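S.K.: Sharing a model prediction with you, sequence too.
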Amino acid sequence: MPTLYYGDNLHVMREHLKDESVDLIYLDPPFNSKRDYNLLFKSPKGEAADASITAFEDSWHWGMQAEREFDELLHQANTDVADLMRALRGFLGENDMMAYLTMMANRLLELHRVLKPTGSLYLHCDPTASHYLKIVLDGVFGKTNFRNDIIWKRASAHNDPSRCGNIHDDIFFFSKCDRYTWNRVFTPYTQEYIDAEFTQLPSGRFYKAENMLDPRNSMKQFDFMGTSARWRTNHEGMMELWNEPQTEVPLSHGRIKLGKNGKPTKRCRIFFLDDLPGVPLQTIWDDVISLRGGSDERMGYPTQKPLALLERIIAASSNEGDVVLDPFCGCGTAVHAAQKLKRYWIGIDITHLAISLIEKRMKGAFGDALKFDVVGTPEDVDAARHLAQTNAYQFQWWAVSLVGAQPYGGKKKGPDGGVDGIKYFRDFDSNDPKKIVVSVKGGKLKADDVRALNHVREREKAEIGLFISMSKPTAGMVADAAAAGFYESHDRTNRKVPRIQLLSIEDLMSGRARAEHPDHQPDLNFKKAKKEVGKKGQEKLFE
């Protein structure tokens, strides 16, 4: 079954993925660009501009973890990689780039382990570290298994004042062995090529006559219908073209073009444009447009790639029913493309924020019929408590997802203190969006926590406040919540819901509690994936 894993992909692969179990790997890891990438969240019309939160910090530092992983590299079985990493460390020293390459080398070794002999790997990167990553890939996969350096033109032009505009990414294509899955992919001919090479017939069809001379001069010369030459094929092959059904091309017989003397010309084989598959895929991809501007694919994720880019890679290097792995799955474009093309898939990410977004994306695109496992997110209260104790921000991001809210504020403290999540709803009486604020407490509760949330609710002009806690609220907190009063819905029932709602993690996970509010227009909080019309869930494909 398709599976999403939360966690460090190094540990997930070691603990969950068997040797030679994956047919295709695509990875779009952080590029070590020293940037923070903000994830945008949808805000309904009438609210402030889209809110953002730091999705990940694209920077690495040499320290204890890098030293530990470097030591692992020196003691694993691939001595080429061990020697290579020693040399790189001697050249680069103990710095951020070396920490990044150490992290990548360890993970590439695991990816090589789980890849089938017929499998391929595509690593997406930019020029920041591409030259070093190519050397590391040569060490892991063997330099003879390098297939292509694909150039993806991701932007039209950059005004870089002190250098050439940086408008492309690199995608390194490696196979595990000499025999690997490859399905030929074709792209459309350009209009310039069609205008230069083809002739239009009165019917509207386009044709061209190709040279039929043997370019190597290895064929014996023979006469065919009055023209003697070293043809590309033998006499029987020429006769097959001659005996094809007659075409509308002037001065022709079957698929052979004739000269004015009625004899075959040397440029004589007739091809029709609508019979040709297109241009075989080359290494420069300038026809897949990036997701800048108003693309309806955009989920708000900072490094999101176009679905067409992943569909091309998956179509070329895997078949229906194969397993596609993305170990840095971000917002899930690779797993979305794999599902669309009828492949099984595995996605791994180290943030609960990404896992939550992918879950919403896949359900939005493929509906509830799609079934997939999510491994690593808390499945019981003890696991939730452990997450709260070990990583407060991951716990916070996971907890707000339980009530369908957006994370808010991120790791930075500021004037919006007290708001960990935000959610919008519309009532039946107005098109104006109404706001819900969320506060998450993973540790010990304080007596004034609920009063503080109500103060935040009033400050933020929110109608409802949700208080999510690891511990059960005290009687005093229940009394404080009741004192905040009720929000009265304007539907026909005029039902009342508490202004402050106390929701324990245990009750949310068991289904005994949920956030209460009108739901007149439910799609206000997240950018929803475009529905894949007519696509069945993956579980239906291989019954």
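M.R.: Looks like it came in fine.

S.K.: can you tell me which residues contact the nearest residue to residue 441 once chain neighbours are set aside?
M.R.: In this structure, residue 441 finds its nearest non-sequential neighbour in residue 469, 4.5 Å apart by CB to CB, 6 or more residues apart in numbering. Placement of C-beta: from N, CA and C, glycine included. Residue 469 makes contact with 440, 441, 442, 445, 449, 502, 503, 504, 505, according to CB atoms under 8 Å, 6 or more residues apart in numbering.

S.K.: now residue 104: how far from residue 29?
M.R.: 7 Å (CB to CB, to the nearest Å).

S.K.: okay, these two: which has more neighbours?
M.R.: residue 104 (25 against 21; other CB atoms under 10 Å).

S.K.: To which secondary structure element is that one assigned?
M.R.: Residue 104 is part of helix 96-114, with elements assigned from DSSP states H and E.

S.K.: looking just at contacts, which helices and strands does the next helix or strand after that helix meet?
M.R.: Elements were assigned by DSSP H and E; along the chain past helix 96-114, the next helix or strand is strand 115-125. If contacts are counted by 3 or more CB pairs under 8 Å, 6 or more residues apart in numbering; DSSP states H and E, strand 115-125 sits against strand 22-27, helix 96-114, helix 130-141, strand 146-153, strand 168-175, helix 307-317.

S.K.: just the ones you listed: most buried one?
M.R.: strand 22-27 (a mean of 25; mean count of other CB atoms under 10 Å).

S.K.: what about the closest residue to residue 205 other than its chain neighbours, distance to residue 442?
M.R.: Excluding its sequence neighbours, the residue lying closest to residue 205 (CB to CB, 6+ apart) is residue 272, at 5.8 Å. Between residue 272 and residue 442 the distance is 67 Å, computed by CB to CB.

S.K.: Please apply the same query to residue 502.
M.R.: 15 Å.

S.K.: Check residue 60 too.
M.R.: In terms of CB to CB, residue 60 sits 27 Å off from residue 442.

S.K.: hang on, the earlier thing: between the contacts of residue 469, which is closest to residue 1?
M.R.: residue 505 (26.5 Å; CB to CB).

S.K.: Show the backbone phi and psi for the closest one.
M.R.: phi -60, psi -40 (degrees, to the nearest 10).

S.K.: what do you get for the one 4 residues further on?
M.R.: When quoted as degrees, to the nearest 10, the phi and psi of residue 509 stand at phi -70, psi -30.

S.K.: What does the pLDDT read for it?
M.R.: pLDDT recorded at residue 509 is 92.

S.K.: so who does it touch?
M.R.: Here residue 509 is in contact with 378, 380, 381, 384, 402 (criterion: CB under 8 Å, 6+ apart).

S.K.: Filter these down to the buried ones.
M.R.: Buried members of the contacts of residue 509, counted by 16 or more other CB atoms under 10 Å: 378, 384, 402.

S.K.: Could you check how far the last one is from residue 442?
M.R.: Summarising the geometry, the distance separating residue 402 from residue 442, computed by CB to CB, is 13 Å.

S.K.: Likewise for the first one?
M.R.: Summarising the geometry, the distance separating residue 378 from residue 442, computed by CB to CB, is 11 Å.

S.K.: what touches both of these two?
M.R.: Joint contacts of residue 378 and residue 442 (CB under 8 Å, 6+ apart) are residue 387.

S.K.: Of the contacts of residue 509, which belong to strands?
M.R.: Among the contacts of residue 509, DSSP state E puts none in strands.

S.K.: what are the ranges of the helices in the stretch 351-500 of the chain?
M.R.: According to DSSP state H, counting those that start in this stretch, the stretch 351-500 of the chain carries its helices in the segments 352-366, 381-390, 392-401, 449-459, 475-483.

S.K.: Quick one, which of those gets closest to residue 9.
M.R.: helix 352-366 (11.8 Å).

S.K.: Name the residues of that closest one that are buried.
M.R.: So for helix 352-366, counting by 16+ other CB under 10 Å, buried means 352-362, 364-366.

S.K.: out of the residues you listed, which one sits closest to residue 96?
M.R.: Using CB to CB, the buried residues of helix 352-366 come closest to residue 96 at residue 354, 23.0 Å.

S.K.: any idea which residue sits dead centre in this protein?
M.R.: With distances taken as CA atoms, centre = their mean, residue 333 lies nearest the centre of the chain, 2.6 Å away.

S.K.: pretty sure it is in contact with residue 308, am I right?
M.R.: No - using CB atoms under 8 Å, residue 333 makes no contact with residue 308, being 9.9 Å away.

S.K.: before we move on, the earlier item: out of the buried ones among the contacts of residue 509, which one sits closest to residue 213?
M.R.: Looking across the buried ones among the contacts of residue 509 and measuring by CB to CB, the closest to residue 213 is residue 378, at 70.3 Å.

S.K.: residues contacting the residue lying closest to that closest one once chain neighbours are set aside?
M.R.: Distance criterion CB to CB, 6+ apart; nearest residue to residue 378, sequence neighbours excluded, is residue 384 at 4.0 Å. Residue 384 sits next to 378, 395, 398, 399, 470, 505, 509 when contact means CB under 8 Å, 6+ apart.

S.K.: circling back: mutual contacts of residue 104 and residue 29, please.
M.R.: What both residue 104 and residue 29 touch, as defined by CB under 8 Å, 6+ apart, is an empty set.

S.K.: so which strand or helix has residue 215?
M.R.: Using DSSP H and E, no helix or strand contains residue 215.

S.K.: when you give positions from now on, start the count at 27
M.R.: In the new numbering, first residue 27, that becomes residue 241.

S.K.: State the distance from it to residue 257.
M.R.: Distance from residue 241 to residue 257, by CB to CB: 11 Å.

S.K.: Looking at these two now, which is surrounded by more residues?
M.R.: Counted by other CB under 10 Å, residue 241 and residue 257 do not tie: residue 257 has more neighbours, with 23 against 8.

S.K.: give the contact list for the more buried one.
M.R.: By CB under 8 Å, 6+ apart, residue 257 lies in contact with 238, 239, 240, 245, 248, 250, 263, 264.

S.K.: Look up which residues are beta-bridged to it.
M.R.: residue 239 (DSSP bridges).

S.K.: residue ranges of the helices in the stretch 177-326 of the chain, please?
M.R.: 217-223, 261-268.

S.K.: so which of those helices is the most packed in?
M.R.: When the helices of the stretch 177-326 of the chain are compared using mean count of other CB under 10 Å, helix 261-268 is most buried, at a mean of 14.

S.K.: quick one: that one to chain centroid distance?
M.R.: Its chain's average C-alpha position is 49 Å from that of helix 261-268, according to CA atoms, centre = their mean, to the nearest Å.
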